[in-house]
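In: sequence? don't have it. structure:
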């Protein structure tokens with residue numbers, strides 16, 4: 001007999017009837033059910049067929065309870081402890097309140113406890129030590145309080161402990177150092193205090209440690225109570241796996257950065273900001289050769305920037321702002337050829353800006369050096385930073401002329417140069433800064449006239465020229481028309497401009513010089529030139545008209561040929577209206593950014609089709625229609641959706657109407673299989689490993705065709721690859737659809753054909769868009785590869801890239817990457833392993849081998865997804881490589897040794 005709380009029952013008494021009664025009690029404790037989830041929970045239906053319930057095949061006992069993201073309101077019944085075969089509880093993203101019942105401790109088979117984003121309160125159950133096989137505990141975003149139970153430290157199989165965003169108090173239990181399998185520990189945004197226990201240094205498999213915004217105090221103690229010159233052995237173990245260390249917002253954290261930080265050799269992200277740390281940055285930080293992002297800001301750290309920083313050749317983000325750093329900027333920074341952003345503002349740095357920084361073509365996000373004591377000239381090599389968007393050198397002691405080479409930085413949006421000793425004039429080359437939005441050169445020694453071209457920079461919306469020595473007339477165009485958008489105070493020799501400036505009128509000679517009448521000779525020459533230009537324009541117009549007319553005829557002939565080849569003739573608005581029962585809402589099978597998709601039956605053949613009707617009131621819908629027509633006009637591939645015909649007409653109200661008619665896909669889209677809606681869960685459906693692999697291969701084959709085989713001179717970039725755009729036919733064969741954002745590029749140069757593109761600046765869907773698109777990069781094959789990698793990870797983990805579990809410190813890619821190669825079974829979609837888990841202990845050696853092969857296969861697939869979604873576009877696989885490796889994955893007995901060797905020898 002085992003006693004848990006108020007329930008005492010012999011284990012032998014638990015039967016199928018026990019499960020059914022427990023489920024009814026669980027249902028009764030959840031009164032808020034806006035989507036009628038529990039309508040299927042009745043006696044006329046077997047409980048294994050109830051929505052959200054999964055049973056094992058052998059015993060017909062409940063093994064999974066998945067009620068996530070259903071807006072349920074209620075409490076968690078203690079009777080859940082009677083579901084003794086449960087392996088997964090997922091109640092995340094609802095409005096459950098009350099306590100987490102102690103009876104959860106009865107579930108000795110439980111592997112996944114997922115309760116994030118609810119309103120559970122009180123303390124976390126202290127009898128959790130009975131969960132001897134638990135792998136994931138996720139209670140992020142609740143109202144749990146009290147102390148973190150010491151008993152959690154006995155869960156030797158736990159790989160993820162996520163307690164962030166609650167109200168836990170007290171100290172971090174030292175017993176957590178016993179979690180030998182732990183890979184992710186997130187305690188951020190709680191009310192924890194005290195010091196960081198030295199026992200955390202024993203976590204040899206830890207891949208991500210997130211302690212931001214908790215009030216830990218005392219020394220930064222990653223080893224013993226005080227850091228010694230000899231690195232503690234426990235920290236040497238920690239260095240094997242740790243990739244992310246975040247200690248941001250711990251305002252009472254004091255002490256020094258330990259020199260032993262250099263032993264964390266796999267560290268990729270390091271955040272140590274907004275605290276009271278003192279001392280200097282140790283030279284050993286240069287040993288972190290895999291470091292990609294370094295954030296140390298708003299601390300009391302002093303001393304110089306170690307030259308060993310130049311060893312961090314993979315560094316992309318370097319932030320040391322708002323400290324007390326002094327000395328010069330090390331020229332070794334020029335070795336960090338992956339740098340995209342440098343922020344060293346608000347320190348006490350001296351000396352010149354090293355020219356080596358201006359030899360970093362990757363520098364794009366920004367170079368911020370303002371509020372220091374930098375001296376010398378601003379090198380003309382600054383013009384090498386062609387991709388730079390922001391340059392800030394304000395409040396320093398720079399002198400000399402502003403280099404004309406700055407005009408070569410044509411992507412520049414923000415330029416801060418105030419508070420220096422710059423002299424001379426504003427360079428004429430600034431006329432090339434077409435994207436400049438803010439320009440501040442106030443508080444310098446600049447002179448001469450204010451260039452009139454500044455008023456012609458259409459993007460410029462903030463201009464500060466104050467406290468210089470400019471003279472002459474103030475322009476009155478562009479930014480100079482809005483008194484709140486510019487400032488010229490402190491320039492005592494200016495005149496003219498808009499009335500709101502209240503400046504004196506310019507002298508007559510200045511006005512006459514600007515309005516000097518043209519001589520008769522010049523007028524005659526101008527007249528003759530205008531006549532010649534008019535004649536040339538007339539001939540040009542006639543040539544373009546003739547060529548356009550021939551092109552239109554050719555397109556009409558090509559369109560006619562295409563119609564003859566299609567199964568259906570061109571359809572009218574009336575026929576589509578009839579085919580969809582008046583575009584009835586009951587016929588809607590999908591909705592997208594620019595319209596809805598209807599199921600329809602064409603009278604002429606009684607064939608079921610899918611009709612995509614564009615909502616032309618939505619901005620970009622018309623261009624989406626044109627892009628999709630252009631992309632699908634000539635493509636032919638078994639894994640691309642087949643366009644049957646189109647309709648461009650007017651409806652019965654006289655409004656424009658545009659629609660595309662596709663072949664109908666009986667099994668809907670991949671989204672509905674990975675994340676079924678409530679209406680689709682009456683008859684639960686899922687995809688096994690081989691089916692998911694085949695779908696992944698189909699998509700890779702389609703991308704390979706679009707990128708390399710569509711046409712010898714062009715390539716198509718899809719730009720919006722995601723599960724809802726992958727359609728499945730009767731045989732679950734995948735077809736890529738929705739080319740509304742597609743771009744046609746030159747296959748040889750991969751330059752955009754802007755005539756076929758829309759004006760949408762960032763193409764795609766949040767979560768699937770590659771990082772470089774957000775920074776203004778042109779669309780590319782690599783962008784599609786990133787989307788494909790995210791799609792692949794989503795298919796095999798069951799997690800959306802926008803899932804609430806992902807924060808600033810972790811994304812779907814890093815979540816998957818941290819599990820490789822040995823912990824993949826902890827993160828894969830539970831629907832893929834529930835049958836594997838339920839096999840009884842009598843399974844023989846062959847079963848064990850098969851399980852190992854499955855794990856190797858899944859590890860290889862996830863590694864492909866991680867590779868395809870690499871941060872740098874050049875490191876991503878292409879579609880041809882993806883397809884080849886995934887085809888090998890379908891044969892589990894091969895174990896994908898070639899794929900594994902290929903990836904595990906690569907560095908990222």
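Out: Okay, I see it. All of these numbers come straight from a predicted model, not from anything done at the bench. Numbering: from 1, shown residues only.

In: Pop the domain breakdown of the chain in here.
Out: Domain ranges of the chain: 352-516, 665-904, per automatic domain parsing.

In: Just put those domains in JSON lines and tack on distance to residue 256 and mean neighbour count.
Out: The way it works is simple: take the backbone N, C-alpha and C, and place the C-beta from them, glycine included. Listed next are the domains of the chain as JSON lines, based on distance: least, Cβ to Cβ, whole Å; neighbours: other Cβ atoms under 10 Å:
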{"stretch": "domain 352-516", "distance to residue 256": "23", "mean neighbour count": "18"}
{"stretch": "domain 665-904", "distance to residue 256": "24", "mean neighbour count": "19"}
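
In: how close does the closest residue to residue 811 other than its chain neighbours get to residue 767?
Out: Leaving aside its sequence neighbours, residue 811 sits nearest to residue 801 (Cβ to Cβ, 6 or more residues apart in numbering; 6.9 Å). Here residue 801 is placed at a distance of 3 Å from residue 767 (Cβ to Cβ, to the nearest Å).

In: returning to what we had before: save the domains of the chain as TSV, and put in mean pLDDT too.
Out: Below are those laid out as TSV (pLDDT from 0 to 100):
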stretch	mean pLDDT
domain 352-516	90
domain 665-904	70
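
In: and residue 421, what does it touch?
Out: For residue 421, the contact set (Cβ atoms under 8 Å, 6 or more residues apart in numbering) comprises 397-399, 444-445.

In: should've said residue 441
Out: Contacts of residue 441 by Cβ under 8 Å, 6+ apart are 402, 415, 417-418, 422, 426, 464-465, 468.

In: Look up the residues that both of residue 801 and residue 767 are in contact with.
Out: Counting by Cβ under 8 Å, 6+ apart, the shared contacts of residue 801 and residue 767 are 790, 812.

In: any idea how far the spatially most central residue of the chain is from residue 811?
Out: For the chain, the residue nearest the mean C-alpha position is residue 767 (4.4 Å; Cα atoms, centre = their mean). To residue 811, residue 767 is 9 Å away according to Cβ to Cβ.

In: Overlap of the contact sets of these two?
Out: Common contact partners of residue 767 and residue 811 (Cβ under 8 Å, 6+ apart): residue 801.

In: before we move on, the earlier item: from the contacts of residue 441, which single one is nearest residue 184?
Out: Set against residue 184, the nearest of the contacts of residue 441 by Cβ to Cβ is residue 415 (41.5 Å).

In: hang on, the closest one packs against residue 391?
Out: Yes: contact criterion Cβ atoms under 8 Å: residue 415 and residue 391 qualify, at 5.4 Å.

In: Find the residues that touch each one of those two.
Out: residue 406.

In: contacting residues around residue 792?
Out: Per Cβ under 8 Å, 6+ apart, neighbours of residue 792: 696, 861-862, 864-865, 868.

In: what ranges do the strands span in the stretch 651-800 of the chain?
Out: Applying DSSP state E, counting those that start in this stretch to the stretch 651-800 of the chain gives strands spanning 656-663, 714-717, 726-728, 734-736, 743-746.

In: who's in contact with residue 85?
Out: Contacts of residue 85 by Cβ under 8 Å, 6+ apart are 19, 56, 59, 61-63, 109, 838.

In: CSV please, covering the residues you listed and showing distance to residue 636 and secondary structure.
Out: CSV is the format used below for the contacts of residue 85 (distance: Cβ to Cβ, whole Å; DSSP: H, G, I helix; E, B strand; the rest coil):
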residue, distance to residue 636, secondary structure
19, 52, helix
56, 46, coil
59, 50, coil
61, 50, coil
62, 48, strand
63, 45, strand
109, 51, coil
838, 45, coil
